[in-house]
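Novice: The following comprises the amino acid sequence and a computationally predicted model.
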Amino acid sequence: MSSDLYQEEILDHYRHPHNHGTLENPDATFEDSNPLCGDIVAVDLRYDGERVSEVRFRGSGCAISQAAASMLTDMVVGQTRVDALAIPREAILEELGVPLSPARVKCALLGYKVMMAALYGVPDHNAK
Amino acid sequence: MSSDLYQEEILDHYRHPHNHGTLENPDATFEDSNPLCGDIVAVDLRYDGERVSEVRFRGSGCAISQAAASMLTDMVVGQTRVDALAIPREAILEELGVPLSPARVKCALLGYKVMMAALYGVPDHNAK
Amino acid sequence: MLEIDAISLTPASMRAGTPDLAKVRADFPILSTSREGKPLIYLDSAATSQKPRAVLDAMSTYYATYNANVHRGVYAISEQATAAYEAGRAAIARFINAPEPENVVFTRNTTEAINLVAYSWGRHSIKPGDAILTSALEHHSNLVPWQMLAEERGARLLHLPLDAQGRLDLTDLDGLLAQGVKLVAISQMSNVLGTINPVAEIARRAHAVGALVLVDGAQSVPHFPVDVQALDCDFLAFSAHKMVGPTGVGALYGRRSVLEAMPPFMAGGSMIKKVTLERSTYADVPQRFEAGTQAIAEVIGFGAAVQYLSELGMEWVRDREHALTAYLLETLSAIPGVTIYGPPVDERGGAVSFNVGDVHPHDVASLLDEDNIAVRAGHHCCQPLMGLLAVAATTRASVYFYNTTDEIDALARGLHRVRRVFGS
Amino acid sequence: MLEIDAISLTPASMRAGTPDLAKVRADFPILSTSREGKPLIYLDSAATSQKPRAVLDAMSTYYATYNANVHRGVYAISEQATAAYEAGRAAIARFINAPEPENVVFTRNTTEAINLVAYSWGRHSIKPGDAILTSALEHHSNLVPWQMLAEERGARLLHLPLDAQGRLDLTDLDGLLAQGVKLVAISQMSNVLGTINPVAEIARRAHAVGALVLVDGAQSVPHFPVDVQALDCDFLAFSAHKMVGPTGVGALYGRRSVLEAMPPFMAGGSMIKKVTLERSTYADVPQRFEAGTQAIAEVIGFGAAVQYLSELGMEWVRDREHALTAYLLETLSAIPGVTIYGPPVDERGGAVSFNVGDVHPHDVASLLDEDNIAVRAGHHCCQPLMGLLAVAATTRASVYFYNTTDEIDALARGLHRVRRVFGS
Ligand SMILES: Cc1ncc(COP(=O)(O)O)c(C=O)c1O
Ligand SMILES: Cc1ncc(COP(=O)(O)O)c(C=O)c1O
């Protein structure tokens, strides 16, 4: 019954995602999807000065992509924008703590890509 | 020095082709080429009633295609049109009397194709 | 592995004299591999099939003993290669009951076969205002080329709808055809739902209004007998790699008169009659559509593949898959929380899409992979159909004649594990 | 076979540490075959090269141990196949010194690579009145696609002339370029005359007027080091089968910015981002140009081929062929009645066209075949060049690194026999 990949912590984040939802009038927002599997992650940010004061994410997709996004929100909230931007992609893979194949690495990094775009202030092409 | 393919008779026909040349105002004429190797054969026919009274061919190409065309003119001249049309393709291969690979069969049959088209009275698409 | 299915599910056609499954499986080297002691359970043949040794040997023998370019060589191995290449064409023509070898044009895959028609026939025959009729369950390869063509030519794209079971709904077919349809492009079997579509019936009604009919045979030609003369289609596209053949080659069947009226698609060596610096005239079909050095080894391997299938017998292949599909559907239905998509077993082939509760298909496939069970997860190149099913993706298990009921049982055990891990 | 050439023709680069020719030849199974006691003497590598065991093994290993479709599978063998496929792309990019793997698009062959540019770039960038510049020595594959494009778009086709030695005459290049040229399409080495063209120089002058440059590398990439950044070309097309790789796969190198601005060529699975029934958005390069299931085994074999060549060292390949070509030219010149076409040895590669008196090349090739010597006879897909040479056809002997001077001596004996049989 145990799985190398689906460790309890990942399943916990997947079932009970942290910082899930939306922000009213966020300071930054970004959404992207993985065209090959259809996974979607969207992130809203609010700043208090230089610091990320609030993060919300939502999306749909596999446990890996959603759990990774959830973990990442914990890592970002309370950081300065500059420090948050400095988080390396390896950090999220380490946080997941399981061996990922290349296809699943893409799942794991979808939230990271979206978060970095939101932090950089890339205009959200999905917004109308 | 001897060759399985280039028997003396073939080389003779190639060096000294029978019925070579053109006819003034022929009753039928046809020309075709093998697009893959560029071999060309043209045939002129004159009838005396139902009978093929004169044949001339010209062309350029390998010894096999030119020798086969030369041999075929001997087979056709003096025949009725109906009998000439009844000559099977195997007859010309037998006449050559050597083992031919598929690519060289195409060479051997170029003259045959042209002759049959002339006998059928297919309009010559090369004539202006 | 105990072959219980050979006993419990033997259809009438599998009597003595029919293939011995253990021997058949032994023909496929990959089927006896394992990872960390777990044998490979390959349930993704709709994506690409496995290959028997006979196909690999046919290609190796070419490379190791008579490798040469075809059609223009006068030396022995080039003639031998040409003969083997053209024998491949003849074998594939026979396999689909094409009138002549010249009906068969080699392409890279089904996708290129369809694009060839869209570029060569389509760009010259489709006029502004014309319509092309396809369906809501098409693979992107039989949808996007027609979108591009329609946009370029100012034509309209119409779609046959589906009923609730995932079958084409033909109620309005004649009404749709009457809207200026010049081409109907339809798959014979859906790679997602397994639905087998009544293409002969559609072709009959399409021809009545003068439209041509292209059949996407990527999922049908590998799995049951397909006869282009019985279907009376104008084009049939299929891929070697899904029918125990190599990657890198596919085929387009075309009605002779239609092919002959078509201009070249790609230009280059071997597809010409006469070239000057200014202009060129083109070779007869099928060479007109085969520019440059072709996939010679692959065509030879494709020929070996249809010979292998013919020796098994396509009726046997069909019956065996029918039995496996019935078992698969039954097995999946017995697992709580599993939703199966598509029509009942008698109207479908062995590509079966499903979902396990709300567990994402990628997670299903990843968990199954821990047991070395290979299934596909995603949109299966059918995004519009995913929309109709109101899902982002499905998990798909697809069987071929070499699969066993034991493997399906292993899939079931894996899916129970998925439910336990995800608590669904 | 006594390897006298390893002694008599060893160029400076072939010192200890360079490949051992006997071992190299042993890598190619076909080179030890014979017919009726006569060993195969293969002098037709410009048509297609022979393949070493390492390439065949790379493909068999894929089929027998990790055969699966790529890019969309989450199970182990699909991930392994994807990694091997993309490693093939990276290896080919490195081989031509492309900045990134994404510069490399896989096609069936050189011909398709050129057609891809003609369809995708050409139909959108060439306007009525524009000109395309090519040359009088192009292979049909680098001529006919531009004729079709020019005709469709109302553009003009211009041709660089040749000098008496079969070299491109660049005297009027700038004048030609000034006539509205948008694309220069030129081969780096002629498959008939062996001429090596100054493509870097041509690219420099073409870029000065804003034209793009496509290099047909079918005969250059296999035979000497080619560096796309040094050439500064926009496109480079080549085929695996001419460079010890499999049939069924070729490559198009494209400058990133140019590829990114190009619309898709063929449409279907894997080249899309998002598809609805009405319209689609397309994937990034290079996937945008790779529709449907690709030639997976063949790309893996192509990767093994460039690895094999890299281990030999392309400088060694070039130097060895230079020595063999010098020996071949010398040997042929010593035979009375033989006419050789093309420039002197220092301006050419190892494809050598000639005629023996007025004996038709087919007869030459057939007689040589009786001694199991494989040479090509015909127009070599260069009909316009045959016109310039004022011949219907030529005989062509072409060498690769695995040939020997002994084989060239056997060719000479065969040609003496041709002269005796035909009394010329
Ligand atoms: C100079 C040149 N260009 C293009 C080609 C076409 O290559 P392929 O037939 O592999 O497409 C060839 C091969 O004969 C060639 O020699
Ligand atoms: C129904 C259908 N059509 C077309 C295709 C495309 O086949 P290929 O990728 O071999 O071109 C597939 C393969 O997935 C398919 O299932």
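Specialist: Received the coordinates, thanks. Numbers count the residues shown, from 1 in each chain, chains lettered A, B, ... in the order given. Ligands and ions are numbered 1, 2, ... in the order given.

Novice: Relative to chain D, which residue of the stretch 51-200 of chain C is the closest?
Specialist: Closest residue of the stretch 51-200 of chain C to chain D, CB to the nearest CB: residue C:111 (2.6 Å). Bear in mind the C-beta positions are built from the backbone N, C-alpha and C, glycine included.

Novice: do the host helix or strand of that residue and ligand 2 meet at all?
Specialist: Under the criterion of DSSP states H and E, residue C:111 resides in helix C:110-116. Yes. Against ligand 2, helix C:110-116 shows contacts by CB under 6 Å from any ligand atom at C:110, C:111.

Novice: For that helix, name the packing helices and strands.
Specialist: Contact partners of helix C:110-116 among helices and strands, from 3 or more CB pairs under 8 Å, 6 or more residues apart in numbering or on different chains; DSSP states H and E: strand C:104-107, strand C:212-216, strand C:235-239, strand C:250-254.

Novice: Nearest to chain D, out of these?
Specialist: Here strand C:235-239 is closest among the helices and strands packed on helix C:110-116 (CB to the nearest CB), at 6.3 Å.

Novice: Which strands and helices lie in contact with that closest one?
Specialist: helix C:110-116, strand C:212-216, strand C:250-254.

Novice: Give me the distance between residue C:362 and ligand 1.
Specialist: From residue C:362 over to ligand 1 the distance is 39 Å, taken as CB to the nearest ligand atom, to the nearest Å.

Novice: Next, count neighbours for that residue.
Specialist: 26 (other CB atoms under 10 Å in any protein chain shown).

Novice: and if you look at the one 4 residues further on?
Specialist: A count of nearby residues for residue C:366, using other CB under 10 Å, gives 26.

Novice: just checking, what packs against the helix or strand hosting it?
Specialist: Remark: residue C:366 resides in helix C:361-370, with elements defined by DSSP H and E. If contacts are counted by 3+ CB pairs under 8 Å, 6+ apart, helix C:361-370 sits against helix A:63-76, helix A:102-120, strand C:351-356, strand C:376-378, strand C:394-398, helix C:405-422.

Novice: Packing partners of the helix or strand following that helix?
Specialist: Downstream of helix C:361-370, the first helix or strand assigned by DSSP H and E is strand C:373-374. Strand C:373-374 sits against strand C:41-42, helix C:405-422, helix D:76-95, with contacts defined as 3+ CB pairs under 8 Å, 6+ apart.

Novice: before we move on, the earlier item: same list (the helices and strands packed on helix C:110-116) but as JSON lines, adding mean neighbour count and mean pLDDT.
Specialist: Below are these laid out as JSON lines (neighbours: other CB atoms under 10 Å in any protein chain shown; pLDDT from 0 to 100):
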{"stretch": "strand C:104-107", "mean neighbour count": "26", "mean pLDDT": "98"}
{"stretch": "strand C:212-216", "mean neighbour count": "27", "mean pLDDT": "98"}
{"stretch": "strand C:235-239", "mean neighbour count": "28", "mean pLDDT": "98"}
{"stretch": "strand C:250-254", "mean neighbour count": "30", "mean pLDDT": "98"}
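
Novice: Give the buried residues for stretch C:162-176.
Specialist: Buried residues in stretch C:162-176, counted by 16 or more other CB atoms under 10 Å in any protein chain shown: C:162, C:166, C:167, C:168, C:170, C:173, C:176.

Novice: what's near enough to touch the second one?
Specialist: Taking CB atoms under 8 Å, 6 or more residues apart in numbering or on different chains as the definition of contact, the neighbours of residue C:166 are C:137, C:190, C:193, C:195, C:341, C:342, C:343, C:389.

Novice: Could you dump those into JSON lines and include pLDDT?
Specialist: What follows is those, written out as JSON lines (pLDDT from 0 to 100):
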{"residue": "C:137", "pLDDT": "95"}
{"residue": "C:190", "pLDDT": "98"}
{"residue": "C:193", "pLDDT": "97"}
{"residue": "C:195", "pLDDT": "97"}
{"residue": "C:341", "pLDDT": "97"}
{"residue": "C:342", "pLDDT": "96"}
{"residue": "C:343", "pLDDT": "96"}
{"residue": "C:389", "pLDDT": "94"}
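
Novice: so where's the chain shaky on pLDDT?
Specialist: With no chain named, the answer covers chain A. The model of chain A has pLDDT under 70 over residues A:1, A:125-128.

Novice: could you do chain C instead?
Specialist: Across chain C, the ranges flagged by pLDDT under 70 are C:1-17, C:424.

Novice: got the residues of chain A near chain C?
Specialist: By CB under 8 Å from any CB of the partner chain, the residues of chain A that approach chain C are A:1, A:3-6, A:11, A:15, A:36-39, A:60-64, A:104, A:107.

Novice: Any quick ChimeraX command for the buried ones out of those?
Specialist: Typed into ChimeraX, the line below selects the buried ones among the residues of chain A next to chain C, using 16+ other CB under 10 Å:
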select /A:3,5,6,11,36,37,38,39,60,61,62,63,64,104,107
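
Novice: now, of the helices and strands packed on strand C:373-374, which is deepest in the fold?
Specialist: Counting by mean count of other CB atoms under 10 Å in any protein chain shown, strand C:41-42 has the highest mean neighbour count of those, with a mean of 26.

Novice: next structured bit after that one?
Specialist: Per DSSP H and E, the helix or strand that comes after strand C:41-42 is helix C:53-61.

Novice: And chain D, is that next one touching that?
Specialist: Yes. For helix C:53-61 and chain D, the contact criterion (CB under 8 Å from any CB) is met by C:56, C:59, C:60.

Novice: What is the neighbour count of residue 97?
Specialist: Just going to use chain A. 10.

Novice: I was after chain C.
Specialist: Neighbours of residue C:97 (other CB under 10 Å): 14.

Novice: Tell me who's in contact with it.
Specialist: C:227, C:228, C:229, C:230.

Novice: With residue A:117 instead?
Specialist: Applying CB under 8 Å, 6+ apart, the residues near residue A:117 are A:30, A:32.

Novice: at 6 Å what do you get?
Specialist: Contact partners of residue A:117, counting by CB atoms under 6 Å, 6 or more residues apart in numbering or on different chains, are residue A:30.

Novice: how close does it sit to residue B:46?
Specialist: Separation of residue A:117 from residue B:46 (CB to CB, to the nearest Å): 85 Å.

Novice: And for residue C:164?
Specialist: Using CB to CB, we find residue C:164 at a distance of 77 Å from residue B:46.

Novice: ok so, going back, can you tell me which of the residues of chain A next to chain C are in strands?
Specialist: residue A:60 (DSSP state E).

Novice: So for residue D:257, which of the helices and strands packed on helix C:361-370 sits nearest?
Specialist: Comparing the helices and strands packed on helix C:361-370 against residue D:257 with CB to CB, the closest turns out to be helix A:102-120 (22.4 Å).

Novice: Give the buried residues for that closest one.
Specialist: Within helix A:102-120, the residues scored as buried using 16+ other CB under 10 Å are A:103-112, A:114-119.

Novice: ok, back up a step: is it possible to export the helices and strands packed on strand C:373-374 to JSON lines including distance to ligand 1?
Specialist: Below are the helices and strands packed on strand C:373-374 laid out as JSON lines (distance: least, CB to the nearest ligand atom, whole Å):
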{"stretch": "strand C:41-42", "distance to ligand 1": "33"}
{"stretch": "helix C:405-422", "distance to ligand 1": "41"}
{"stretch": "helix D:76-95", "distance to ligand 1": "15"}
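
Novice: Turn the ones you listed into TSV, including distance to residue C:244.
Specialist: As requested, the helices and strands packed on strand C:373-374 are exported to TSV (distance: least, CB to CB, whole Å):
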stretch	distance to residue C:244
strand C:41-42	13
helix C:405-422	17
helix D:76-95	17
